[in-house]
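Peer 1: Need coordinates for the below:
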Amino acid sequence: MAMAKRGTFICIEGIDGCGKTTQARRLVRNLRRKGFDAVYTTEPSSGKVGRLIRRYVLDRKKRVLIALEALLFAADRVDHVETEIKPALEKGKVVVCDRYVYSTLAYQGAAGLDLKWIEQINRFALVPDLALFLDVPPDIVVKRFKPKRSVMETPQNLQRVREVYMKMVGDGRLVLLDGNKTVDDVADDVLKVVLDFLERAHVPHG
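Peer 2: Residues are numbered from 1 along each chain as shown. So this is what the prediction gives:
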């Protein structure tokens with residue numbers, strides 16, 4: 001029996017202000033130029049739970065309970081995977097996701113939640129084929145911030161977040177890339193790593 005056609009799931013991670021959204025969108029454009037059927041998506045998602053997170057969790061001066069944050073992100077991820085990511089993968093697309101489960105592990109884990117519990121409530125999440133971490137020192141990204149930013153974006157918090165990300169790099173879950181370069185140079189590095197991966201995985205393109 002023939003297997004269902006499946007695409008490739010790629011995630012781009014990093015602390016706030018590292019440029020990952022720019023790089024995720026640029027990667028999609030670059031892959032399309034190379035003939036790949038690539039699509040961009042992000043977390044929090046554009047679904048109902050994702051919109052709730054943006055309004056109720058991110059856009060406020062004081063953080064909600066950390067466990068509640070993690071549960072909301074996990075709920076949004078269920079919706080995101082089922083309504084956006086899986087359907088795109090079933091059509092054979094290359095899905096580039098701007099933040100995923102690693103963000104929950106890093107941000108809520110840095111705030112004190114047990115990482116095993118976070119893993120447990122996200123056990124349904126698809127494991128990406130490739131996940132990249134764009135590393136930029138927290139003191140550099142803080143200088144890029146506009147006055148009004150997320151409640152999670154203090155320098156001290158971002159340093160703890162980066163430490164959790166680096167542990168995942170050490171565990172082989174994330175591929176480390178230097179994000180402290182020009183936008184063009186980072187884009188070149190991201191594209192090279194992704195194209196090498198897609199070639200090894202024999203992913204077809206136009």
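Peer 1: got the CA coordinates for the helix ranked longest in the chain in CSV?
Peer 2: Ordering each helix of the chain by length in residues (DSSP state H) puts helix 183-200 first. The C-alpha trace of helix 183-200 is given here as CSV (Å, rounded to 0.1, in the frame of the first residue of the first chain):
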residue,chain,number,x,y,z
VAL,A,183,20.2,39.8,7.7
ASP,A,184,21.5,38.7,4.3
ASP,A,185,24.3,36.5,5.8
VAL,A,186,21.9,34.9,8.3
ALA,A,187,19.5,34.2,5.4
ASP,A,188,22.3,32.6,3.4
ASP,A,189,23.3,30.4,6.3
VAL,A,190,19.7,29.3,7.0
LEU,A,191,19.1,28.5,3.3
LYS,A,192,22.3,26.5,3.0
VAL,A,193,21.4,24.3,6.0
VAL,A,194,17.8,23.8,4.8
LEU,A,195,18.8,23.0,1.2
ASP,A,196,21.4,20.5,2.4
PHE,A,197,18.8,18.9,4.6
LEU,A,198,16.1,18.8,1.8
GLU,A,199,18.7,17.3,-0.6
ARG,A,200,19.6,14.5,1.8
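Peer 1: Okay, buried residues for that helix please.
Peer 2: Buried residues in helix 183-200, counted by 16 or more other Cβ atoms under 10 Å: 186, 187, 189, 190, 191, 193, 194, 195, 197, 198. Glycine gets a C-beta too; all of them are placed from N, C-alpha and C.
Peer 1: The nearest residue to the fifth one once chain neighbours are set aside: which element?
Peer 2: What it means is residue 191. Leaving aside its chain neighbours, residue 191 sits nearest to residue 30 (5.0 Å; criterion: Cβ to Cβ, 6 or more residues apart in numbering). For residue 30, the element it lies in under DSSP states H and E is helix 20-33.
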